[in-house]
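1. show me how the following folds:
(one chain, ligands or ions: 1)
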Amino acid sequence: MSRTIEKLLVANRGEIALRIMRSAREMGIKTVAIYSEADRRAPHVMFADEAVLLGPAPSSDSYLKGDKIISLAIELNVDAIHPGYGFLSENAQFAQRVEDAGIIFIGPRPDAIEIMGDKLSAKAAVEEFDVPLVPGSDGEVTDIDAAKKLAEKIGFPVMIKASAGGGGKGMRIVQNKEEFSSQMERAVSEATNSFGNGAVFVEKYVLDPRHIEIQVLADEHGNVVHLFERECSIQRRHQKVIEEAPSVVLTDALRKAMGEAAVNVAKSCNYRGAGTVEFIFEPGGKFYFLEMNTRLQVEHPVTEQITGIDLVKAQIRIAEGHPLDLKQEDLRIQGHSIEVRVYAENAAENFMPATGKLFEYKRPQGLGVRVDDGLEQGMDISIYYDPMIAKLITFGSSRDEAIARMKRAISEYRISGVQTTLDFASFVLDHNAFISGDFDTHFVAKYFDKDALSNDDLDLESVGAAAVANLLQGSKAQQSVVTHGKTSRWKSNRT
Ligand code: MV4
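-> Numbering: from 1, shown residues only. Below you'll find the model as predicted:
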C-alpha cells in the first residue's frame, strides 16, 4: 500500500525547513514553503518551488495557524505536510486534521502523539513492554499523605512531575518528608495553571544522570529499528548545547539493551516514522525511560553522520507507505559526530537573547564539517522565533578527531553584529570533563561561570563599526580593524 508524494508543504521555517526541502528535492518532490511577514526573504522561502505568506511575524499569527496551513495545502494540491520540530509538530489534533483533509502527515499517527505527549499515559503504555522505568508511583498521585508515605518508601530525594509537562517544565525535587506536602501542592497548582491538567506523579530522583536518547524508525507495517544513541547531557536549563554520537559511556551490551528498550517503546504505541526515546542513564549503568519525542529532533544530524542514513528521506519513504529497507543487524556506527548549537545569546550575560543584524556571516567549510542554518549575511535575528542561528556539526573517524575538527570549524566561523554562544561552546570543548567524557547533566551548572569564557570578544558596537567600515571600504579596512582587536575572536580567527 504505497502512495506517492509529489508535492510537500513544509510547515516550518529556518534551518529545519531547508533541511527537509533539501531531501525532498533530492527525491524529486516539489516543495512549498510557508512564511511569516518577518521571513519574506528567508532562505527557506527562496529555496522552495512555491511559497505562500501566512500572516504577521508572531508564531500564533503564522506558523501555528494549523487550519490556515491545511487550507493552503488543499488549495495548492499538496500531497503531504512535514511539520519539522516545534510549532505544530507534536500537536495530535493538527495531525488528525491533516489526515482528515486527505493529506499525508509526515510523522506518527495522532494517537501515538497523544499517548507519548502525556507522561503518565506514556509510562502506562510502555509498562508491559519490558521498558525500565524509574521507581515511583503507579500512576497519578492525588492524596498528599499517601504520596508522602510512598516517597518515604522510595527514599528521598524524590521528584514530583507533572504528567502534562515536558522538557523540564513542571518538575520539582523534594529533599525530605518535611517539605513534601507544600511541594506537592505547588506542583499540582503549577501543573493546573500551566498545562490545564493537574495530574502529577512521584519518582525517585536519579542523581547525576546522563541524558542519552535513542533514534528509532518505524514503518506502518510494524517494522522498527533503532539508529543508536545520542549523548545530550551537555545542556543548560533543559536547552541542549552540545550533542554527540555515539556516547562514550555505552558498551555494546548497554547500547543493545537501550536500543531494544527504545524499539519496545515504539512498539507500545504502534509508532510510525522517526522518533526519539529519551532515557536517563545512572552512573553504574542503569537506565530508565523518560519520554518519547514524536518528531524529528534538532540534533538528528549526528545520527545521520554516524549511520549514513538520511532521516528526512526515511521519514518521507515511510509516509509513502514503503516498508523499511533497513535491517537492525546491518546497521553500524561509523566514526563520531558532534553538534554545537549556535545561539544568538550572550553567555557572559546569563545567556540573554541577542538580536540585531548579521553584519558578517561566513560559514566554516572543509572535510567533516556540516552547517545546518537558515539565515544569510545581512539578515536580522528577530525576537519572534527561536534564537538558534545554526547547528555546526562535525564528523571524524574518532571522537578526538571530531572534537579537533569542531575547534577548527569554530575558529573559521565568522559571525559579527550579533553575540553568539560559540565562545561558550569553545569553553565546553576545552574542558577536561568534556574531553575525558566524564560528565553528566549538571556539567554547565557545575563548571560554567562567565569568567571561564575566553575574553576574546570585541564589544558589540565596535564589531558593528568594523563591519560597516568593511562594507564601505572593502577588505583593507577589515584587515586594519582586525589588527586593532588584539583580543578579538576576529583576530584570533586570522592568526
Ligand atoms: C529526572 C531526573 C532525575 N530523576 N527524573 C528533565 C527533563 C525531563 N525530560 C526529565 N528530566 C529529568 N528527570 C528523575 N526521576 C533528572 C532530569 C533532568 C534532566 C534530564 C535530562 C536532561 C537534562 C536534565 C537536567 C536536569 C534534570
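
2. helices of the stretch 101-250 of the chain, start to end?
-> Listed in chain order, the helices of the stretch 101-250 of the chain (DSSP state H, counting those that start in this stretch) span 110-117, 119-126, 144-154, 180-195.

3. quick one, which of these is nearest to Gly321?
-> Checking these against Gly321 by CB to CB gives helix 110-117 as the closest, at 16.6 Å. (C-beta placed from N, C-alpha, C; glycine too.)

4. give the buried residues for that closest one.
-> By neighbour count, with 16 or more other CB atoms under 10 Å as the criterion, the buried positions of helix 110-117 are Pro110, Ala112, Ile113, Glu114, Ile115, Met116, Gly117.

5. of all these, which two lie farthest apart?
-> Checking those with CB to CB, the most distant pair is Pro110 and Met116, at 11.2 Å.

6. look up phi and psi at the nearest residue in space to Gly66 that is not next to it in sequence.
-> Nearest non-adjacent residue to Gly66, counting by CB to CB, 6 or more residues apart in numbering: Phe94, 4.4 Å away. In terms of degrees, to the nearest 10, the main-chain angles of Phe94 are phi -60, psi -50.

7. export the helices of the stretch 101-250 of the chain to JSON lines and tack on distance to the ligand?
-> Below are these laid out as JSON lines (distance: least, CB to the nearest ligand atom, whole Å):
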{"stretch": "helix 110-117", "distance to the ligand": "12"}
{"stretch": "helix 119-126", "distance to the ligand": "9"}
{"stretch": "helix 144-154", "distance to the ligand": "10"}
{"stretch": "helix 180-195", "distance to the ligand": "13"}
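
8. any residues of the stretch 101-250 of the chain in contact with the ligand? List them.
-> Taking CB under 6 Å from any ligand atom as the contact definition, the stretch 101-250 of the chain meets the ligand at Val134, Met159, Gly167, Gly168, Glu203, Lys204, Tyr205, Val206, Pro209, His211, Gln235, His238.

9. could you rerun that using 5 Å?
-> Applying the criterion CB under 5 Å from any ligand atom, the portion of the stretch 101-250 of the chain that neighbours the ligand consists of Val134, Met159, Gly168, Glu203, Tyr205, Val206, His211.

10. can I get the longest strand seen in the chain as CSV, trimmed to CA atoms?
-> Scanning the chain for the strand with the most residues, using DSSP state E, yields strand 224-236. As requested, C-alpha coordinates have been extracted for strand 224-236 and formatted as CSV (Å, rounded to 0.1, in the frame of the first residue of the first chain):
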residue,chain,number,x,y,z
VAL,A,224,11.0,-0.9,13.9
VAL,A,225,14.8,-0.3,14.1
HIS,A,226,17.0,1.9,16.2
LEU,A,227,19.8,4.0,14.9
PHE,A,228,21.8,4.0,18.2
GLU,A,229,22.2,6.8,20.7
ARG,A,230,22.8,10.5,21.0
GLU,A,231,24.5,11.8,24.1
CYS,A,232,22.7,15.0,25.1
SER,A,233,23.9,15.6,28.7
ILE,A,234,25.6,19.0,27.9
GLN,A,235,22.6,21.2,28.4
ARG,A,236,21.7,24.4,30.2
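
11. so for that strand, mean pLDDT?
-> Mean pLDDT, strand 224-236: 98.

12. ditto for stretch 107-125
-> Mean pLDDT, taken over the full extent of stretch 107-125, equals 98.

13. the longest strand of the chain - contacts with which helices or strands?
-> The criterion is 3 or more CB pairs under 8 Å, 6 or more residues apart in numbering; DSSP states H and E, and the helices and strands that strand 224-236 contacts are strand 210-218, strand 239-245, helix 252-268, helix 300-307, helix 443-447.

14. for these, give me a markdown table that also has mean neighbour count.
-> Converted to a markdown table, the helices and strands packed on strand 224-236 look like this (neighbours: other CB atoms under 10 Å):
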| stretch | mean neighbour count |
| --- | --- |
| strand 210-218 | 25 |
| strand 239-245 | 24 |
| helix 252-268 | 19 |
| helix 300-307 | 24 |
| helix 443-447 | 16 |
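
15. dump these to a markdown table, plus distance to Gly366 and mean pLDDT.
-> Below are these laid out as a markdown table (distance: least, CB to CB, whole Å; pLDDT from 0 to 100):
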| stretch | distance to Gly366 | mean pLDDT |
| --- | --- | --- |
| strand 210-218 | 26 | 98 |
| strand 239-245 | 19 | 98 |
| helix 252-268 | 30 | 98 |
| helix 300-307 | 15 | 99 |
| helix 443-447 | 28 | 97 |
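
16. count of neighbours near the closest residue in space to Phe180 that isn't next to it in sequence?
-> Distance criterion CB to CB, 6+ apart; nearest residue to Phe180, sequence neighbours excluded, is Lys148 at 4.6 Å. Applying the criterion other CB atoms under 10 Å, we find 19 residues in the vicinity of Lys148.

17. Lys148 and Asp451: what is the separation?
-> Between Lys148 and Asp451 the distance, using CB to CB, to the nearest Å, works out to 42 Å.

18. pull the contacting residues for the residue nearest in space to the middle of the chain.
-> Centrality entry for the chain: nearest residue to the mean C-alpha point is Val298, 3.2 Å, by CA atoms, centre = their mean. Val298 makes contacts with Ile16, Tyr85, Lys240, Arg341, Met388, Lys391, as judged by CB atoms under 8 Å, 6 or more residues apart in numbering.

19. sec struct for it, please.
-> Secondary structure, DSSP: H, G, I helix; E, B strand; the rest coil: Val298 is coil.

20. tell me the pLDDT at it?
-> If you check Val298, the pLDDT there is 98.

21. let's number from 277 now, not from 1
-> Yep, numbering from 277; the last one is Val574 now.
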